[in-house]
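A.B. asks: Let's see this in three dimensions:
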Amino acid sequence: MHGTPHIVSDVMTHTVAAVGRGATFKEIVQLMQDWKVSALPVIEGEGRVVGVVSEADLLPKEEFRDSDPDRYTQLRRLSDLAKAGAVTAEELMTSPALTVRPDATLAQAARTMARAKVKRLPVVDAVGLLEGIVSRADLLKVFLRTDEEITEEVRREIVSYLFPTPESSVGVDVHNGVVKLTGRVRDTSLVPVAARLVRAVEGVVDVDFDLERMPPVQE
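C.D. replies: Below you'll find the predicted structure:
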């Protein structure tokens with residue numbers, strides 16, 4: 001099956017703002033402002049990603065700027081208090097960085113973001129060199145696929161394999177990303193398989209079926 005897009009490299013941003021370990025607090029804030037991003041990869045050498053510094057890493061400096069936290073807060077927020085006193089990317093960054101490979105599926109990237117509660121992931125090659133960045137917004141680009149594109153992929157990649165004619169007669173209708181399969185099929189046990197495959201098509205919002213079993217062939 002050859003539907004697109006399927007992997008991170010199809011949707012990622014290739015031009016990336018990044019900082020070195022020695023970047024200062026103000027340089028980081030300025031770069032985030034200039035690029036309108038909420039996090040920056042921290043790189044060293046030829047571009048190997050060693051960490052990520054985000055707005056969340058920067059906020060403790062403002063939070064604790066004019067406060068004198070009690071001992072309970074000091075113990076509970078030890079990491080944040082350390083970042084409140086940090087002045088370079090190396091001191092501020094979260095390390096090791098949570099990254100994704102360019103050949104990872106969009107679903108894999110989405111699961112990684114959801115589990116880690118992050119908005120973007122650096123994309124790295126096999127040796128950890130920065131190749132790009134993928135954001136939540138990038139992953140949602142698949143839902144911009146037209147109904148016509150989805151219809152064609154479902155017909156070509158799924159229906160033609162599972163329900164070939166003349167044994168079956170299946171129509172595909174897509175409206176606002178919702179796929180509906182209608183008609184008659186020889187083997188209804190394949191319907192759950194079709195449902196799973198259709199839901200895996202990039203850009204599909206939901207799946208509906210109105211498929212009946214064809215009558216047995218009379219001898």
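A.B. asks: From here on, just use CA atoms for contacts and neighbour counts.
C.D. replies: Will do.
A.B. asks: Contacts only, for Glu55.
C.D. replies: For Glu55, the contacting residues are Ser38, Ala39, by CA atoms under 8 Å, 6 or more residues apart in numbering.
A.B. asks: quick one: the strands in this structure?
C.D. replies: For the chain, strands defined by DSSP state E occupy the ranges 19-20, 39-44, 48-54, 120-124, 130-135, 169-175, 178-185, 206-213.
A.B. asks: Just the mean pLDDT for the fifth one, thanks.
C.D. replies: Confidence over strand 130-135 (mean pLDDT, whole number) is 96.
A.B. asks: Does anything pack onto it? Which helices or strands?
C.D. replies: Counting contacts by 3 or more CA pairs under 8 Å, 6 or more residues apart in numbering; DSSP states H and E, strand 130-135 packs against strand 120-124.
A.B. asks: Format the strands of the chain as CSV; extra columns: distance to Val29 and mean neighbour count.
C.D. replies: Below are those laid out as CSV (distance: least, CA to CA, whole Å; neighbours: other CA atoms under 10 Å):
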stretch, distance to Val29, mean neighbour count
strand 19-20, 11, 21
strand 39-44, 10, 24
strand 48-54, 10, 23
strand 120-124, 17, 25
strand 130-135, 18, 23
strand 169-175, 43, 17
strand 178-185, 42, 19
strand 206-213, 41, 15
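A.B. asks: Let me have those strands in a markdown table, adding distance to Val142 as columns.
C.D. replies: Output for the strands of the chain, formatted as a markdown table (distance: least, CA to CA, whole Å):
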| stretch | distance to Val142 |
| --- | --- |
| strand 19-20 | 30 |
| strand 39-44 | 23 |
| strand 48-54 | 26 |
| strand 120-124 | 16 |
| strand 130-135 | 13 |
| strand 169-175 | 15 |
| strand 178-185 | 14 |
| strand 206-213 | 14 |
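A.B. asks: dump the residue contacts of the residue nearest to Asp210 when sequence neighbours are not counted.
C.D. replies: Using CA to CA, 6 or more residues apart in numbering and skipping the chain neighbours, the partner closest in space to Asp210 is Thr182 (4.7 Å). Applying CA under 8 Å, 6+ apart, we find Thr182 in contact with Val170, Gly171, Val172, Phe209, Asp210, Leu211.
A.B. asks: is it true that Ala39 touches Leu31?
C.D. replies: No - counting by CA atoms under 8 Å, Ala39 sits too far from Leu31 to count as a contact (9.7 Å).
A.B. asks: before we move on, the earlier item: so for Ala200, which of the strands of the chain sits nearest?
C.D. replies: Ranking the strands of the chain by proximity to Ala200 (CA to CA) places strand 206-213 first, at 10.1 Å.
A.B. asks: how close does Pro192 sit to Val29?
C.D. replies: 50 Å (CA to CA, to the nearest Å).
A.B. asks: ok, these two, which is more surrounded?
C.D. replies: More crowded of Pro192 and Val29, by other CA atoms under 10 Å: Val29, with 17 against 11.
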